[in-house]
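Participant: Quick check, what structure comes out for this input:
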Amino acid sequence: MIPLIYHNPNCGTSRNTLAIMRASNESPEVIEYLATPPSRERLIELLAMMGMTPRELLRAKETPFKELGLDNPALGDAELIEAMLAHPILINRPIVVTAKGARLCRPSEEVFDLLAHPVASFTKEDGEQVTPSSHQSE
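Facilitator: As a prediction, the model looks like this:
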């Protein structure tokens, strides 16, 4: 299986995750999901693979979240999925899928668990050094 990442190049966490993958000798398929959003079926599949609800994947920091009233607890999964499909910026990122599973990689070092041969250490854009074992103890 070719690993893949649902990526936003404007997001530092997404850039760090992709860089960790590449430093670990992975050549992932990169899907810039704002330009090529997942289909409804794929989004539902990703949620199931990650064991997450739509509300857990919803990015609350983006402008459409408040404008659309998505903080309303009465909204169901189908309505939240529709909002994410209509406004892909609402899908939290990066999502990584490998033979080991799927995960929302926030923080970026969450990707270590999904890699066949993770790099021994990695320095993030902000200078923080992370290792495959450092994130598990937090």
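Participant: domain parsing for the chain?
Facilitator: Domain assignment for the chain by automatic domain parsing gives 1-33+93-138, 40-92.
Participant: Return the most buried member of those.
Facilitator: domain 1-33+93-138 (a mean of 17; mean count of other C-beta atoms under 10 Å). Bear in mind the C-beta positions are built from the backbone N, C-alpha and C, glycine included.
Participant: Tell me how far that one lies from the chain's centre.
Facilitator: 9 Å (C-alpha atoms, centre = their mean, to the nearest Å).
Participant: for stretch 76-91, same thing?
Facilitator: Worked out by C-alpha atoms, centre = their mean, stretch 76-91 lies 15 Å from the chain centre.
Participant: pLDDT (mean, whole number) over it?
Facilitator: Per-residue pLDDT over stretch 76-91 has a mean of 96.
Participant: now this protein, which segments are flagged as low pLDDT?
Facilitator: 62, 135-138 (pLDDT under 70).
Participant: ok, now with 90
Facilitator: 1, 61-63, 133-138 (pLDDT under 90).
Participant: the helices in it, which residues?
Facilitator: 12-23, 40-50, 54-57, 63-67, 77-86 (DSSP state H).
Participant: Now render the ones you listed as CSV, adding distance to T98.
Facilitator: Converted to CSV, the helices of the chain look like this (distance: least, C-beta to C-beta, whole Å):
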stretch, distance to T98
helix 12-23, 9
helix 40-50, 11
helix 54-57, 18
helix 63-67, 29
helix 77-86, 22
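Participant: So for V97, which of these sits nearest?
Facilitator: For the helices of the chain, the distance to V97 is smallest for helix 40-50, at 6.9 Å, taking C-beta to C-beta.
Participant: From the contact counts, what lies against that closest one?
Facilitator: helix 54-57, helix 77-86, strand 95-98, strand 101-104 (3 or more C-beta pairs under 8 Å, 6 or more residues apart in numbering; DSSP states H and E).
Participant: which outside residues touch the last one?
Facilitator: Outside strand 101-104, the residues within contact range by C-beta atoms under 8 Å, 6 or more residues apart in numbering are 46, 49-50, 52, 57, 92-96, 110-111, 113-114.
Participant: one step back: okay, the helices and strands packed on helix 40-50 in JSON lines with distance to S134 next?
Facilitator: Putting the helices and strands packed on helix 40-50 into JSON lines (distance: least, C-beta to C-beta, whole Å) gives the following:
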{"stretch": "helix 54-57", "distance to S134": "24"}
{"stretch": "helix 77-86", "distance to S134": "31"}
{"stretch": "strand 95-98", "distance to S134": "18"}
{"stretch": "strand 101-104", "distance to S134": "17"}
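Participant: Thank you kindly, that will do.
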